[in-house]
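In: All I have is the shape, not the residue letters:
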């Protein structure tokens, strides 16, 4: 059911506080039903996108195993060991660990 409210513009183009985060104009945020994260401007976005793509591929292996009729804890532990070696953990030129 849609809801409606009577909103009013107080200001625009300035910072806002959302929970414990202060959001500035131009900040990059990523969010889903689990929450929101702030992506600092010094993170190289092409590196971040490449790491996210690798994570998607690795996670698809986990989901496939979990939905498989061949699922077992032993198979999961073996896959988890394999994934640990392939999980993106690149450090950019600025020395930032992109994926922790």
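Out: Perfect, I can see it now. Predicted, not measured: the structure shown is a model, and the values here were computed from it.
In: Just give me the residue right at the centre of this structure.
Out: Centroid-nearest residue in the chain, with Cα atoms, centre = their mean: residue 30, separated by 6.9 Å.
In: Go ahead and confirm it touches residue 36.
Out: Yes. Between residue 30 and residue 36 there is a contact at 7.1 Å, judged by Cβ atoms under 8 Å. Glycine gets a C-beta too; all of them are placed from N, C-alpha and C.
In: any idea of the mean pLDDT for the single longest helix found in the chain?
Out: In the chain, ranked by residue count with DSSP state H as the criterion, the top helix is helix 45-67. Mean pLDDT, helix 45-67: 91.
In: For that helix, buried residues please.
Out: 47, 48, 51, 58, 65 (16 or more other Cβ atoms under 10 Å).
In: can you tell me how far the second one sits from residue 8?
Out: Looking back up the chat, that one is residue 48. Distance, residue 48 to residue 8, by Cβ to Cβ, to the nearest Å: 36 Å.
In: Same check on the first one?
Out: Note on residue 47: its distance to residue 8, by Cβ to Cβ, is 41 Å.
In: Report pLDDT for the closest residue to residue 58 other than its chain neighbours.
Out: Nearest residue to residue 58, sequence neighbours excluded (Cβ to Cβ, 6 or more residues apart in numbering): residue 83, at 5.3 Å. Looking at residue 83, its pLDDT reads 87.
In: Likewise for residue 94?
Out: 49.
In: Where do the helices of the chain begin and end?
Out: Ranges of helices in the chain, per DSSP H, are 45-67, 73-86.
In: Just the angle for the longest one relative to helix 73-86, thanks.
Out: Translated: helix 45-67. 170 degrees (axes from the mean of the first three to the mean of the last three Cα atoms, to 10 degrees).
In: Show me what helix 45-67 is packed up against.
Out: helix 73-86 (3 or more Cβ pairs under 8 Å, 6 or more residues apart in numbering; DSSP states H and E).
In: The helix it packs on: how far from the chain's middle?
Out: 21 Å (Cα atoms, centre = their mean, to the nearest Å).
In: hang on, residue 55 packs against residue 89?
Out: No. The pair residue 55 / residue 89 is not scored as a contact, 10.7 Å apart, by Cβ under 8 Å.
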